[in-house]
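>>> could you look at this predicted model? Sequence included:
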4 protein chains.
Amino acid sequence: MGVKERKALEKQIRRNQILDAARSLLFSSGIDSISISKIANQAELGVGTIYFYYKNKEEIFIALQKEGVELLYSMILQIVKKDINHEEKLSRIAFCYYRFSEEQKNYFDIINYFLSSPTIYFEPDLKNKIDMSGHKILRIIRDIVADGVQQNVLNEQDPQKFSIMFWGTLHGLLQFKKLEKTVLENESHEKLFNYSVQKLISSIK
Amino acid sequence: MGVKERKALEKQIRRNQILDAARSLLFSSGIDSISISKIANQAELGVGTIYFYYKNKEEIFIALQKEGVELLYSMILQIVKKDINHEEKLSRIAFCYYRFSEEQKNYFDIINYFLSSPTIYFEPDLKNKIDMSGHKILRIIRDIVADGVQQNVLNEQDPQKFSIMFWGTLHGLLQFKKLEKTVLENESHEKLFNYSVQKLISSIK
Amino acid sequence: MGVKERKALEKQIRRNQILDAARSLLFSSGIDSISISKIANQAELGVGTIYFYYKNKEEIFIALQKEGVELLYSMILQIVKKDINHEEKLSRIAFCYYRFSEEQKNYFDIINYFLSSPTIYFEPDLKNKIDMSGHKILRIIRDIVADGVQQNVLNEQDPQKFSIMFWGTLHGLLQFKKLEKTVLENESHEKLFNYSVQKLISSIK
Amino acid sequence: MGVKERKALEKQIRRNQILDAARSLLFSSGIDSISISKIANQAELGVGTIYFYYKNKEEIFIALQKEGVELLYSMILQIVKKDINHEEKLSRIAFCYYRFSEEQKNYFDIINYFLSSPTIYFEPDLKNKIDMSGHKILRIIRDIVADGVQQNVLNEQDPQKFSIMFWGTLHGLLQFKKLEKTVLENESHEKLFNYSVQKLISSIK
DNA sequence: CATGAATGAGCATTCATTCAT
DNA sequence: TATGAATGAATGCTCATTCAT
């Protein structure tokens, strides 16, 4: 291993060390309580050091978000591998996201943070990092649908658009969770989610 | 007009004056830059005075959000009154929300802010205030669908659930706007929205 | 009853109404959370009205303190009336103060507040108001001692000085309560108090 | 001197610089007027810098208090070293405290502040810091008494309790200073103090 | 590479008091 | 008498970022 490679490796190790600290804070106290100095403290590094490895706080958040998306992606991957029909796959993917929003609330929050904050605009290169991750999930859905269409068990002219609509619907509904007791008039949020998923799937049968 | 009434009126005027200031800040610099002292400054009032009229910052935000929802509501109401068929109504309502998210971006942001922030939690009575507004929109959609079903031009067993799914889909998709260039692989966001709305409406034909 | 008298009576009633509110706040949330506007709110009066009946916040505190001292005084009076010997009386008075510091902690705190705050200096006429109350307690002790001396069961040349020392000792020791676990090395605070009272009484036998 | 040592030294210097500022404010305007921003101003540092060296305002007060106690301790230590008898030592210690309360009024106030405020509650580790200081004074008194007992010139079964009572009496009486003109009926506060000290000492002869 | 000291604007909120009506 | 609107200084504290060493 050359010097360059070792350096690069060490750099990656440090980056992970910092991310570990940030994640630990995210999970112990939520997104709002993450500050650079707390991360530095947790990582047993100097504040300045953090800035050597990450341009700013946002970049750390991005990395964390990516982690979350990857986790979700891996969960979804488990489903795809299963020997079940297309509809079942879509249905399970949907509920996988539902579970994710509950069981991995902190990751869900951070994903949400970037999606809904009006002020945060990604710089092009950061953008790409997220692409790789978020993308893959949509592609899975699209591929399932496309495959179903090809096998004549599903009927949809534009699997790409459908996958985005599918995901958008899930995402939108998950945000309504906190309205359960008020605007939703005590509709069970889970049943609502279930209803919507069935509706979506039915629409491409 | 009695003294009491005049006082009450003046109080309302002041409350509006403060809201004007907050709204003006919201529109000029976005939600993240609103602080009480800036509001006070803008309204040409003392900081303490703000607290005389609003319990805290949240209450101001709530009022602002309510304004936004009411505005959206009134826009939707225009559509409902029109002499067009059920499908057309739903379609136009959807695009009304789309337009709202663009033309009234600041109001859309503030609604979003409350919906997606993991930390903000409404006190019960504040919650109710929003209920009244957000509720009404869902009810409109539900009523259109229910009416369509009754007239045998639409087919849906649970108009209530559908209305929430309908809105959730729109809301979720609008959040994807900023992913247009990346995750969405240059799908036109508007076309995507259009596609989804058609899909939704088709599903209850 | 003349107009003047009725006016004076009404004024007194209002003053009490305000004091009731202040006391209620004192007891529900402690001395630090008393503010004029809270008092006004509690008393269902305007803020300005409070200032009509009391010069300032301090004057209200003074009145509250007076109440506390009077309560303590009345408790002590019960003891004096009893048919017990001089020593027993002194001992019981001491424990009466001990109990008072625990059971009427809020009153004790407010008395303490005025006694230990370095900044608060009473204006002459306010001073007098407190005199009347605090005084009486010292006089009781002095009289017991003086009486004991006269009856040849106690031996003390200066009952006046002794009564002040007596009270000062009690007061000083009560302040040490919060040091129980640290500086006092786990000496039981109560036993310590007991020891001191016995020592004081022994010294004038 | 290594880098680490120099850094540590510099850190200590800064901490002192901040403490100097706080003490200067304490002496010029009293304890109630000390605020972090005033300290920062006086020390010619940014507000944030203060928080870099001290966790919070309380920690600064604690440091100040510790200073005061240490000063008092050193004054008392002078007395102990003298070649005078046990009674004389106790008597002089008492007057040392009296003098301290007058000549070092600000330090006395700060000690008092922590002892009598109902709301301030020390965090355990801060508590310990004070322990070390306050403790030592009580131990001196206890040792003098214990020594006197052993040499058969004093008579007291529990020197530990006595030392606390001794100190409590002094402390309580010092708080009565401001009552000199009213409740104390023009008893000279100093004579009163003198009387009490003699009484205390007599009680263990 | 790594550090950590320094910054100072910024935050939400409280408060005793005044005064025109 | 009684009101309550208005004040604005003051509070303790946080934070992302910089930069000299």
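Received, thanks. Numbering: from 1, shown residues only, chains lettered A, B, ... in the order given.
>>> okay, now the unreliable bits of chain A?
Applying pLDDT under 70 to chain A flags the ranges A:1, A:117-132.
>>> does the residue nearest to the spatial centre of it lie in a helix or a strand, and which?
A centroid search over chain A (CA atoms, centre = their mean) returns residue A:69, at 3.0 Å, as the residue closest to the centre. Following DSSP states H and E, one finds residue A:69 within helix A:57-81.
>>> show me the contacts for the residue nearest to residue A:14 when sequence neighbours are not counted.
In space, and not counting its chain neighbours, residue A:14 is closest to residue A:53: 5.5 Å by CB to CB, 6 or more residues apart in numbering or on different chains. The way it works is simple: take the backbone N, C-alpha and C, and place the C-beta from them, glycine included. Listed by CB atoms under 8 Å, 6 or more residues apart in numbering or on different chains, the contact set of residue A:53 reads A:11, A:14-15, A:18.
>>> list the contacts for the residue of chain A found nearest chain B?
Of all residues in chain A, residue A:172 sits closest to chain B, at 2.5 Å by CB to the nearest CB. By CB under 8 Å, 6+ apart, the residues touching residue A:172 are B:167-173, B:175.
>>> can you check residue A:162 too?
A:141-142, A:145, A:156, A:204, B:199.
>>> of these - the most surrounded one?
Highest neighbour count within the contacts of residue A:162: residue A:145, with 25 neighbours (other CB atoms under 10 Å in any protein chain shown).
>>> can you tell me how far it sits from residue A:172?
19 Å (CB to CB, to the nearest Å).
>>> before we move on, what about residue A:58?
From residue A:58 to residue A:172 the distance is 25 Å (CB to CB).
>>> so the closest residue to residue A:97 other than its chain neighbours, which state does it fall into?
What sits nearest to residue A:97 in space, not counting adjacent residues and going by CB to CB, 6+ apart, is residue A:170, at 5.2 Å. For residue A:170, the assignment made with DSSP: H, G, I helix; E, B strand; the rest coil gives helix.
>>> before we move on, what SS does residue A:83 have?
coil.
>>> for it, give me phi and psi.
phi -90, psi 70 (degrees, to the nearest 10).
>>> the one 5 residues further on too?
For residue A:88, the backbone dihedrals (degrees, to the nearest 10) come out as phi -60, psi -40.
>>> where do the helices sit along chain A?
A:3-29, A:36-43, A:47-53, A:57-81, A:86-103, A:105-116, A:124-150, A:159-175, A:189-202 (DSSP state H).
>>> turn those helices into JSON lines, including distance to DNA strand F.
As requested, the helices of chain A are exported to JSON lines (distance: least, CB to the nearest atom of the strand, whole Å):
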{"stretch": "helix A:3-29", "distance to DNA strand F": "10"}
{"stretch": "helix A:36-43", "distance to DNA strand F": "4"}
{"stretch": "helix A:47-53", "distance to DNA strand F": "3"}
{"stretch": "helix A:57-81", "distance to DNA strand F": "4"}
{"stretch": "helix A:86-103", "distance to DNA strand F": "25"}
{"stretch": "helix A:105-116", "distance to DNA strand F": "13"}
{"stretch": "helix A:124-150", "distance to DNA strand F": "13"}
{"stretch": "helix A:159-175", "distance to DNA strand F": "24"}
{"stretch": "helix A:189-202", "distance to DNA strand F": "31"}
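>>> for residue C:79, find the nearest of these.
The minimum distance between residue C:79 and the helices of chain A falls on helix A:3-29, with 54.7 Å, by CB to CB.
>>> got the angle between that closest one and helix A:57-81?
90 degrees (axes from the mean of the first three to the mean of the last three CA atoms, to 10 degrees).
>>> check which residues of helix A:3-29 are buried.
A:14, A:18-19, A:21-23, A:25-26 (16 or more other CB atoms under 10 Å in any protein chain shown).
>>> got it, and stretch A:28-43?
Quick answer for stretch A:28-43 (16+ other CB under 10 Å): A:31, A:34, A:36, A:38-40, A:42-43.
>>> go on, stretch A:145-152?
Using 16+ other CB under 10 Å as the burial criterion, the residues of stretch A:145-152 that qualify are A:145-146, A:148-149.
>>> same check on stretch A:134-141?
A:134-138, A:140-141.
>>> please see if the helix holding residue A:69 touches DNA strand E.
No. Judged by CB under 7 Å from any atom of the strand, helix A:57-81 stays clear of DNA strand E, getting no closer than 13.4 Å.
>>> ok and that helix relative to helix A:105-116, angle-wise?
Going by the same axes, to 10 degrees, helix A:57-81 makes 110 degrees with helix A:105-116.
>>> show me what helix A:57-81 is packed up against.
helix A:3-29, helix A:86-103, helix A:105-116, helix A:124-150 (3 or more CB pairs under 8 Å, 6 or more residues apart in numbering or on different chains; DSSP states H and E).
>>> buried residues in the third one?
By neighbour count on 16+ other CB under 10 Å, the buried set for helix A:105-116 is A:106-116.
>>> do it and chain B meet?
Yes. Helix A:105-116 reaches chain B (CB under 8 Å from any CB of the partner chain) through A:105, A:109, A:112-113, A:115-116.
>>> of the residues you listed, closest to residue C:192?
Among the residues of helix A:105-116 next to chain B, and counting by CB to CB, the member closest to residue C:192 is residue A:105, at 52.3 Å.
>>> is DNA strand E contacted by stretch A:28-48?
Yes. Applying CB under 7 Å from any atom of the strand, one finds stretch A:28-48 touching DNA strand E at A:45-48.
>>> got a winner among those for most neighbours?
Neighbour max across the residues of stretch A:28-48 next to DNA strand E (other CB under 10 Å) = residue A:45, 17 neighbours.
>>> now do the same contact list for that residue.
With CB under 8 Å, 6+ apart, residue A:45 has these contacts: A:14, A:17-18.
>>> which among the helices and strands packed on helix A:57-81 is found nearest to residue B:96?
So among the helices and strands packed on helix A:57-81, helix A:105-116 is nearest, using CB to CB, at 20.6 Å.
>>> which residues are in contact with the closest one?
A:26-27, A:30-31, A:61-62, A:64-65, A:67-69, A:71-72, A:100-101, A:120, A:122, A:130, A:171, A:174-175, B:112-113, B:115-116, B:118, B:175-176, B:178-179.
>>> report the buried members of those.
A:26, A:31, A:61-62, A:64-65, A:67-69, A:72, A:100-101, A:122, A:130, A:171, A:174-175, B:112-113, B:115-116, B:118, B:175-176, B:178-179.
>>> which residues of chain A lie near DNA strand E?
So far as CB under 7 Å from any atom of the strand goes, chain A lies against DNA strand E at A:7, A:10-11, A:14, A:45-49, A:51-53.
>>> nearest to residue C:161 among the residues you listed?
Distance to residue C:161, by CB to CB, is smallest for residue A:47 among the residues of chain A next to DNA strand E, at 62.0 Å.
>>> give the contact list for that closest one.
A:36-37, A:40.
>>> in TSV, list the residues you listed along with distance to residue A:78.
Output for these, formatted as TSV (distance: CB to CB, whole Å):
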residue	distance to residue A:78
A:36	35
A:37	38
A:40	36
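>>> backbone phi and psi for residue A:153, please?
Dihedral angles of residue A:153 (phi, psi; degrees, to the nearest 10) stand at phi -100, psi -10.
>>> for it, what are its contacts?
A:85-87.
>>> buried subset of those residues, written for PyMOL?
The buried residues among those can be selected in PyMOL (16+ other CB under 10 Å) with this line:
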select buried, chain A and resi 86+87
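>>> export the contacts of residue A:153 to a markdown table and append columns for distance to chain D.
Shown next, in a markdown table, are the contacts of residue A:153 (distance: CB to the nearest CB, whole Å):
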| residue | distance to chain D |
| --- | --- |
| A:85 | 61 |
| A:86 | 58 |
| A:87 | 58 |
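>>> got the domain boundaries for chain A?
According to automatic domain parsing, chain A is divided into the following domains: A:1-54, A:62-202.
>>> quick one, phi psi at residue A:34?
The phi/psi pair for residue A:34 (degrees, to the nearest 10) is phi -80, psi 120.
>>> which ones are touching it?
Neighbour list for residue A:34: A:22, A:25-26, A:57, A:60-61 [criterion: CB under 8 Å, 6+ apart].
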